[in-house]
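Q: coordinates only, sequence not included:
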Ligand code: SF4
């Protein structure tokens, strides 16, 4: 192949996995991976932590040659007996899709009295959002979501893809992973800014369940400001609209908002739902322009690269992401300090309260010494 | 010691690969050669006429049943000691036949010692070269020479030409063209010309005779059931030519226009 035509050489999240996560957000109780036993192992395990059962039809060499119709029917029966699910998802894999497996027929044959969402998906898509889209289409067909929610999700997906292409992990041929700046130093800097009486905005623009950890940074910054008697210097924005998104996503927003309230953290601006991180940028930009353009610094968490720089460029920006490949693009955008929360995802699956972040913990520790 | 011949016979589906392969195998066995025929078609009827109409279990059938496959399970002796193997495959429309060939060939390579003791191994491969699986016998180093079977009609020639393109791609030389006649006009002339234009030559012209069909229906090769027939002589000559053949070329496929002209 012509060298110049290779646009991606580092692996990226797979469409199969994206479909699995979408099924979870649709609240399936069981997801059946139709394919090799090892497919998507790590995510399957993670999702089990999140309370859904992920099983496989475990197709082997013989299954690749003769197809896995029988296996799928059997597994459908088995999970129905074992887990008594209310909603089941069946997800294709590269192996089953390459050999042209049909998933509708085995589902009909199994004839369970539980709705089943089948997603014909493999991992060979450049935009892994395809997996989400296919899952949503099937959910629409099965009557699990309505047309309006489907269109909304579709729009968000397109925007999410654009965000990644513009400044995200898909923006370059190769991006080396990086741990970003030293958290201790950046924590000191925030404390310094607050001590100087500077005014700051926290912007949580998080993707779904990752909000449980990014919210902790909002909390930590507010705690420090409070300790310094500067609570009023902080404005908080977060994308935790409780009325938007697939069932599970709305539930996450509720949980996070409850915790904010309990901790006495005022959220001044709700900038969208937890699935609106790709489009919240415009809202944020407008708010800043109209109300906060003279603020001195911003702590942006979640998906910072989705926020336009237009009215941020005069502020000192501290951004926190969970993508080790996101550091360079953020620096290029002009973010002074870029931090990475490693292993965020495993820690935010299956929880319903704010989870302590490494940066939040660092802030609190540094504050103990310097306040 | 004779040099081991490992050949594959390609050609459009239904053109008569299996009957040609089994008759060549039988003719070589008549001459005292040690011969193996490996049928790679899911229909698994490459060897049926060497086994008196009997079907043997296929490698993939056994693998599907989870059997730990041994040589004696899959290699069966037929007419004059010809060793017969059938790869088998999935039902039409499900699973992946190409993958099946790959798996079966790997299995065979692993379990069979007699592959090395043969004078001639014939791979009867399905239809066209449509995917990587179908060229597995070649890619896995089991086939050294290829023959292409065709008639003088446009479609089989089109397939033959395409196969030549595929052979060049996988770096496998063509040893010759065989014409299995459908009694169309100027057939021998057309196929001879085709063969020479791609850089090869016509090895045999097998006339269309009812006796081939009759023997097949009874479950026998022509060599066994009608050894004195005219067509048996043709097979015998072809078999001899194959055994003696020591030259081959990288075929140069014709463009579509030229091919159409040729068959006009
Ligand atoms: S190649 Fe595809 S089917 Fe195989 S493990 Fe990877 S994602 Fe799964």
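A: The structure has been received and is ready for your questions. The model shown is predicted, which means the values in this text are computed figures rather than measured ones.
Q: What separation do you get for the most centrally placed residue in chain A and chain B?
A: Geometric centre of chain A, nearest residue: residue A:207, 3.6 Å, by C-alpha atoms, centre = their mean. Shown here: residue A:207 relative to chain B, a distance of 37 Å by C-beta to the nearest C-beta, to the nearest Å. In short, each C-beta sits where N, CA and C put it, glycine included.
Q: Okay, now the unreliable bits of chain B?
A: For chain B, the stretches flagged by pLDDT under 70 are B:1-2, B:127-130.
Q: Residue B:124 versus residue B:27, what's the distance?
A: Distance, residue B:27 to residue B:124, by C-beta to C-beta, to the nearest Å: 15 Å.
Q: on that earlier part again, now the nearest residue to the residue nearest to the centre of chain A once chain neighbours are set aside: phi and psi?
A: Spatial nearest neighbour of residue A:207, excluding adjacent residues (C-beta to C-beta, 6 or more residues apart in numbering or on different chains): residue A:277 at 5.1 Å. In terms of degrees, to the nearest 10, the main-chain angles of residue A:277 are phi -60, psi -30.
Q: Who are the contact partners of residue A:277?
A: Residues in contact with residue A:277 (C-beta atoms under 8 Å, 6 or more residues apart in numbering or on different chains) are A:160, A:205, A:206, A:207, A:239, A:302, A:303, A:306.
Q: run the last query once more with 7 Å
A: A:205, A:206, A:207, A:239, A:302, A:303, A:306 (C-beta atoms under 7 Å, 6 or more residues apart in numbering or on different chains).
Q: The ligand: which of these is nearest?
A: residue A:207 (21.6 Å; C-beta to the nearest ligand atom).
Q: unless I'm mixing things up, the closest one is touching residue A:302, no?
A: Yes - using C-beta atoms under 7 Å, residue A:207 is in contact with residue A:302, at 6.2 Å.
Q: How many residues are close by the closest residue to chain A within the stretch 151-264 of chain B?
A: Closest residue of the stretch 151-264 of chain B to chain A, C-beta to the nearest C-beta: residue B:169 (15.7 Å). Residue B:169 has 11 neighbours, counted by other C-beta atoms under 10 Å in any protein chain shown.
Q: With residue B:107 instead?
A: Going by other C-beta under 10 Å, the residues that sit close to residue B:107 add up to 18.
Q: what does the one 4 residues further on give?
A: Neighbours of residue B:111 under the rule other C-beta under 10 Å: 18.
Q: give the contact list for the residue of the stretch 151-264 of chain B found nearest the ligand.
A: Nearest to the ligand in the stretch 151-264 of chain B, going by C-beta to the nearest ligand atom, is residue B:170, at a distance of 24.4 Å. Listed by C-beta under 7 Å, 6+ apart, the contact set of residue B:170 reads B:135, B:138, B:139.
Q: I'd like the distance between the nearest residue to residue A:102 once chain neighbours are set aside and residue B:188.
A: With sequence-adjacent residues excluded and distances taken as C-beta to C-beta, 6+ apart, residue A:102 is closest to residue A:69, at 7.4 Å. As judged by C-beta to C-beta, residue A:69 and residue B:188 stand 48 Å apart.
Q: cool, and residue B:205?
A: Residue B:205 sits 5 Å away from residue B:188, taking C-beta to C-beta as the criterion.
Q: Check which helices and strands the helix or strand harbouring residue B:72 is in contact with.
A: Using DSSP states H and E, residue B:72 maps to helix B:71-74. The contact analysis (3 or more C-beta pairs under 7 Å, 6 or more residues apart in numbering or on different chains; DSSP states H and E) places helix B:71-74 against helix B:59-64.
Q: Determine the set of other helices and strands touching the helix it packs on.
A: Using 3+ C-beta pairs under 7 Å, 6+ apart, helix B:59-64 is in contact with helix A:61-66, helix B:71-74, helix B:97-111.
Q: looking at these, which is buried most?
A: Across the helices and strands packed on helix B:59-64, averaging neighbours per residue (mean count of other C-beta atoms under 10 Å in any protein chain shown) puts helix A:61-66 on top, at a mean of 23.
Q: contact partners of the following helix or strand past that one?
A: Later in the chain than helix A:61-66, the nearest helix or strand by DSSP H and E is helix A:69-83. Under the criterion C-beta under 7 Å, 6+ apart, residues A:29-30, A:32, A:34, A:53, A:55, A:57, A:59, A:63, A:85, A:88, A:103, A:105-107, A:109-110, A:112, A:114, B:94 lie in contact with helix A:69-83.
Q: likewise stretch B:243-263?
A: B:5, B:28, B:33, B:120, B:145, B:154, B:157-158, B:161, B:164-165, B:167-168, B:173-176, B:190, B:193-194, B:197-200.
Q: Just the buried ones out of those residues, please.
A: By neighbour count, with 16 or more other C-beta atoms under 10 Å in any protein chain shown, these hold B:5, B:28, B:33, B:120, B:145, B:157-158, B:161, B:164, B:167-168, B:173-176, B:190, B:194, B:197-198, B:200 as buried.
Q: Mind checking which of these are in helices?
A: B:28, B:157, B:158, B:161, B:164, B:167, B:168, B:190, B:194, B:197 (DSSP state H).
Q: For residue A:217, give its distance to residue A:345.
A: The value you get for residue A:217 to residue A:345, if C-beta to C-beta is used, is 16 Å.
Q: Between those two, which is the more surrounded one?
A: Per other C-beta under 10 Å, whichever of residue A:217 and residue A:345 has more neighbours is residue A:217, with 28 against 15.
Q: Please tell me how far the closest residue to chain B within the stretch 151-300 of chain A sits from residue A:9.
A: For the stretch 151-300 of chain A and chain B, the shortest gap (C-beta to the nearest C-beta) falls at residue A:173, measuring 28.0 Å. Distance from residue A:173 to residue A:9, counting by C-beta to C-beta: 6 Å.
Q: More neighbours: the two, which one.
A: Between residue A:173 and residue A:9, residue A:173 has the larger neighbour count (other C-beta under 10 Å), namely 11 against 7.
Q: would the more buried one count as being in a helix?
A: No - with DSSP: H, G, I helix; E, B strand; the rest coil as the criterion, residue A:173 is assigned coil and is not in a helix.
Q: Nearest to the ligand, out of the contacts of residue B:170: which one, please.
A: Closest to the ligand, out of all of the contacts of residue B:170 and judged by C-beta to the nearest ligand atom, is residue B:139, at 20.7 Å.
Q: can you give me the strands for the stretch 251-371 of chain A?
A: Assigned by DSSP state E, counting those that start in this stretch, the stretch 251-371 of chain A shows strands spanning A:269-270, A:297-302, A:316-321, A:337-340.
Q: Report the contact partners of residue A:28.
A: Contacts of residue A:28 by C-beta under 7 Å, 6+ apart are A:52, A:87, A:88, A:89, A:117.
Q: doesn't residue A:31 make contact with the second one?
A: No - using C-beta under 7 Å, residue A:87 is not in contact with residue A:31, being 9.9 Å away.
Q: between the two, what contacts are shared?
A: Looking at what touches both residue A:87 and residue A:31 (by C-beta under 7 Å, 6+ apart), there is no common residue.
Q: what about these two, which has more around it?
A: residue A:31 (30 against 19).
Q: Is it correct that the more buried one falls within a strand?
A: Yes - checked against three-state DSSP, residue A:31 lies within a strand.
Q: Could you find the closest non-adjacent residue to it?
A: residue A:89 (4.3 Å).
Q: And what about that neighbour, helix, strand or coil?
A: Using three-state DSSP, the structure places residue A:89 in strand.
Q: Thought residue A:29 was touching it, still the case?
A: No - between residue A:89 and residue A:29 there is no contact under C-beta under 7 Å: 9.0 Å.
Q: for chain A, longest helix please?
A: Per DSSP H, chain A has its longest helix at helix A:147-167.
Q: what comes into contact with that one?
A: A:127, A:129, A:132-133, A:136, A:140, A:170-171, A:275-276, A:278-279, A:305-306, A:329, A:333.
Q: That one: what's the following helix or strand?
A: Sequence order places helix A:183-195 as the next helix or strand after helix A:147-167, per DSSP H and E.
Q: What is the helix or strand just after that next one packed up against?
A: Note on helix A:183-195: by DSSP H and E, the next helix or strand toward the C-terminus is strand A:200-205. Judged by 3+ C-beta pairs under 7 Å, 6+ apart, the packing partners of strand A:200-205 are helix A:211-227, strand A:234-238, strand A:297-302.
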